[in-house]
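> Could you work out the structure for the sequence below:
(one chain, ligands or ions: 1)
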Amino acid sequence: MTQALLGKVAAITGAARGIGDAIAARFLEEGARVFSLDLSEPDEKREGVTYLAADVANTESVAEAFSQIDRAAGCVDVLVNNAGVQRVALAENMPIEDWHLVLNTHLTGMHLCCAQAIRRMRERGTGGAIVSIASAAGIVGIPGRGPYSAAKAGIESLTRVYATEVASANIRVNAVAPGSTRTKLIEQGLKDGSIRGEWQIERIPMGRLAEPTEIADPVVYLASDRASYITGQTLVVDGGWTVQGMVHIADWLRVS
Ligand SMILES: NC(=O)c1ccc[n+]([C@@H]2O[C@H](COP(=O)([O-])OP(=O)(O)OC[C@H]3O[C@@H](n4cnc5c(N)ncnc54)[C@H](O)[C@@H]3O)[C@@H](O)[C@H]2O)c1
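Below is the predicted model:
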């Protein structure tokens with residue numbers, strides 16, 4: 001089979017580690033040229049990825065990163081909005097700085113990167129694809145995740161809005177909403193106690209966390225021409241977590 005992203009130029013935010021790094025790896029395998037826009041340097045650079053220092057929540061920083069891609073590659077075919085942070089507190093205890101940080105990183109970051117990419121894709125006239133990483137946390141209510149969940153629900157909404165704005169230019173805008181995935185974001189929650197392994201696993205019908213590559217594969221699909229008539233959609237990739245009403249009832253029915 002031919003590579004799904006052969007010759008495409010892709011900008012992936014937050015690709016220094018975690019899900020973003022897994023997406024970068026799969027994009028390289030599928031023939032894309034990959035630029036990472038991240039605040040942090042990767043612990044280990046992935047061969048074939050160009051790492052750009054960028055803050056997705058900062059207008060000038062995003063504009064500068066896209067100018068660097070222009071100079072190096074001349075175009076952007078695919079944008080993946082993946083950069084993210086987490087802050088956990090009940091509404092009455094949530095520091096306003098944390099509220100702004102999370103909203104600015106996820107939602108404003110998506111908007112700023114989309115604006116830069118869409119401008120270039122339109123001008124070039126050859127279409128394009130945008131895939132943003134939402135979350136199962138944007139679909140169900142999880143205590144303590146106010147700004148995170150609101151930002152992720154906002155990503156789904158912006159996905160629909162921008163899809164309708166750019167469809168006539170053959171630019172597709174979609175999202176992937178992962179469930180709990182084995183990355184540093186989850187490790188941080190396990191360390192500070194805001195997530196516990198047994199709480200997580202018990203609620204997941206598939207009985208395990210996702211591996212980052214299991215999130216990367218649907219992103220490849222939505223970014224590729226194989227999804228050429230799909231736009232404005234969010235693909236939930238959560239092992240069944242958000243569709244399960246009652247836990248354990250299937251087990252009980254099987255033995256009773
Ligand atoms: N891990 C999960 O269980 C899970 C579940 C659902 C959704 N997600 C989402 O997937 C995405 C990736 O998560 P992850 O688990 O790989 O996280 P991670 O913390 O391992 O990686 C996030 C990356 O984003 C970068 N980043 C943070 N703020 C940035 C900014 N302002 N500008 C540029 N880069 C910035 C970080 O430096 C880091 O490299 C996030 O949007 C997250 O919300 C993760």
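> outside of stretch 109-121, which residues touch it?
Under the criterion Cβ atoms under 8 Å, 6 or more residues apart in numbering, residues 11, 13, 37, 56-59, 62-63, 66, 70, 75-77, 79, 81, 83, 127-128, 130, 132, 155, 158, 162, 165-166, 169, 171, 173 lie in contact with stretch 109-121. C-beta coordinates here come from the backbone N, C-alpha and C atoms, glycine included.
> no wait, stretch 213-221
4-5, 19, 22-23, 25-27, 30, 80, 131, 133, 176, 178, 181, 227, 235, 237.
> Tell me where the longest strand sits in the protein.
Taking DSSP state E as the criterion, the chain has its longest strand at strand 171-178.
> quick one: average confidence on stretch 18-32?
Mean per-residue pLDDT for stretch 18-32: 98.
> Which residues are in contact with Q188?
Counting by Cβ under 8 Å, 6+ apart, Q188 touches Q86.
> For it, give me phi and psi.
Dihedral pair for Q188: phi -60, psi -40, per degrees, to the nearest 10.
> The chain against the ligand: which residues are in contact?
Applying Cβ under 6 Å from any ligand atom, we find that the chain lies next to the ligand at 13-14, 16-20, 37-40, 54-57, 82-85, 105, 109, 133, 135, 178, 180-181, 183-186.
> Any of these buried? List them.
Those of those that meet the buried threshold are 13-14, 16-20, 37-39, 54-57, 82-85, 105, 109, 133, 135, 178, 180-181, 183, 185-186, by 16 or more other Cβ atoms under 10 Å.
> Please confirm that V236 is located within a strand.
Yes. According to DSSP: H, G, I helix; E, B strand; the rest coil, V236 belongs to a strand.
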